[in-house]
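A.B. asks: Any chance you could fold what I've pasted below:
(one chain, ligands or ions: 1)
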Amino acid sequence: MKYLILFFLSLNIFANLDLAPPSFALEDGKKAVFIDMISNDSQFHFKPGYLEVETKFVFKTQETGFALFDLVNELDSISLNGEKVAQKLVNLPGKDVPMRMILSSVEKDLEHTVEIKFKFYPSKQRPELNFDRNKKRLSFYFKFCDGKGVRQLLESYLPSNLQYDQFKLNLKVLFAPEFANQVIIANGDVTKISKFEYDVNFPEFYNPGSFYFQTVHKSQDIDVFNYKGIKFTLLYAKSNKVLNKDVFFVSAIKDKIDKLEQLFGAFPHREMIIYFGENFSGIEHFGATRTSRYSLGHELFHMYFGRAAMPSDGRCAWIDEGLARWADGGSWKKWVSSMFTRKSYIPFDKHEVLNEKFVGLKGQSPYQRQTYNLETLHLDPYEQGRYFFSHIHHLMSDKIFDFLEYFHKKYFKKLYTQELFFEELVDFNEDEETKKVIRRLEERYFK
Ligand SMILES: [Zn+2]
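C.D. replies: Below is the predicted model:
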């Protein structure tokens, strides 16, 4: 009996459909249902001039209906349980980016298998896939699209899902004979089968934002060093090559890690891949980032509250980003101290940057992927987060750091929602007045 219970428990650990948005009906009456991706076995085959993708994923739903998954690329073929099937892009309620719906109803609680093939070509919009002139070398990495579009993570390359879903991805990587000297950098276990074949197994707690994959020619600079028990792997875009790396990159990393550990406790990752990219922005994954030196501190901060503890949807992304703004770089101390040495402290909801139209982050849609919704907001949600956490800092004083350390450790490799975050924050505080203020702010500006 004991074994039976354990078996059921382990089956359900990453079945996060309770965190998925509600199913919804399309105009034609079709019921769109969200899926729990159980496994994803995919293959990248790098051929001269393009990437061929073959993928098979298994999923379940809690309701009978038309299953939704996420994939940007046009498909060459798709089958459901071995039969050819049609699919189309459908918009989620509200104005968000579309998902793909399989136009054949699936029965709830059963496992279904989808197989898909498509090709991925390099283009101006896709600088992440690049072949040299002789097509003997290639570079490719999972990237985001620099502010031009919202679609930005795994769904650009493989079938994926919203952030609520944690699933196991096994990726086989094949190289055409032309590409005999490629190296793979990924935040999963990489096994070299031959010069032309690799297996990359990612852990099962990953959600779509976690995955990092990159392949470069072996002649490219890759620096590895250890600091405080963390193994750092560094790669550089061309524009970063002229600089003195030790001074410019390594010491900057050590400096940021020192500061973060001082404030929030031990760095949650034992390995950290850092790709210093071409511009000022950055994107974070589990123990991996593509960043500029400018954004380095910000991206490393995300390794605590974005990619260790993990926000489950677009409604709570402001927590991680707001905390990052509040704690950012070396400036947070100055900023916070200037705020708290004012004679009359201005609370979050009375601050001059918030006008009478300010509605906070109230009434966010469960379908939104990002916190941004500037049509109804009068202040950048990340800035609201920053002001909110400054207020909490004011209320809790330095106990806020104890809370944050407690929180990221408790939710390591787990998803959290906005509701859970507030619950934990209220519980952590012993003072009744503080509890009351936090509840009032949640009620008024966030619920
Ligand atoms: Zn950020």
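
A.B. asks: Tell me where the stretch 201-350 of the chain has strands.
C.D. replies: Assigned by DSSP state E, counting those that start in this stretch, the strands in the stretch 201-350 of the chain fall at 213-217, 222-227, 230-236, 271-276, 283-285, 288-291, 310-311.

A.B. asks: The fifth one pairs with which strands, parallel or anti?
C.D. replies: So that's strand 283-285. strand 288-291 (antiparallel) (DSSP bridges).

A.B. asks: Tell me which helix or strand comes right after the lengthiest helix in the chain.
C.D. replies: Secondary structure of the chain read by DSSP state H shows that its longest helix is helix 381-396. As assigned by DSSP states H and E, the chain's next helix or strand after helix 381-396 is helix 399-410.

A.B. asks: Can you name every helix or strand that that following helix contacts?
C.D. replies: helix 251-264, helix 296-305, helix 381-396, helix 418-428 (3 or more C-beta pairs under 8 Å, 6 or more residues apart in numbering; DSSP states H and E). In this view, the C-beta of every residue, glycine as well, is placed from N, C-alpha and C.

A.B. asks: The residue nearest to K143 when sequence neighbours are not counted and F421: what is the separation?
C.D. replies: Excluding its sequence neighbours, the residue lying closest to K143 (C-beta to C-beta, 6 or more residues apart in numbering) is E128, at 4.3 Å. Here the criterion is C-beta to C-beta, to the nearest Å. By it, E128 lies 33 Å from F421.

A.B. asks: Over to H391?
C.D. replies: In terms of C-beta to C-beta, H391 sits 15 Å off from F421.

A.B. asks: what's the answer for K399, then?
C.D. replies: 16 Å.

A.B. asks: pretty sure P21 contacts P366?
C.D. replies: Yes: if you go by C-beta atoms under 8 Å, P21 and P366 touch, sitting 4.0 Å apart.

A.B. asks: quick one: low-confidence parts of the stretch 101-250 of the chain?
C.D. replies: 144-152, 241-243 (pLDDT under 70).

A.B. asks: how far away is the residue positioned nearest the centre of the chain from L71?
C.D. replies: The geometric centre of the chain, computed from its C-alpha atoms, lies nearest to G209 (C-alpha atoms, centre = their mean), at 2.5 Å. Taking C-beta to C-beta as the measure, G209 falls 16 Å from L71.

A.B. asks: what sits against D431?
C.D. replies: Contacts of D431 were listed using C-beta atoms under 8 Å, 6 or more residues apart in numbering, and none were found.

A.B. asks: returning to that earlier point: neighbour count for K399 and F421, which is higher?
C.D. replies: F421 (20 against 16; other C-beta atoms under 10 Å).

A.B. asks: give the contact list for the residue lying closest to that one once chain neighbours are set aside.
C.D. replies: Take F421 and drop its neighbours on the chain: the residue closest to it by C-beta to C-beta, 6+ apart is I319, 5.5 Å away. By C-beta under 8 Å, 6+ apart, the contact set of I319 is F305, P311, G385, Q418, F421.

A.B. asks: Out of these, which is nearest to F213?
C.D. replies: P311 (21.6 Å; C-beta to C-beta).

A.B. asks: and that closest one, how many neighbours does it have?
C.D. replies: 26.

A.B. asks: picking up where we left off before, tell me which of P21 and P366 has more neighbours.
C.D. replies: Using other C-beta under 10 Å, the more surrounded residue of P21 and P366 is P21, with 19 against 16.
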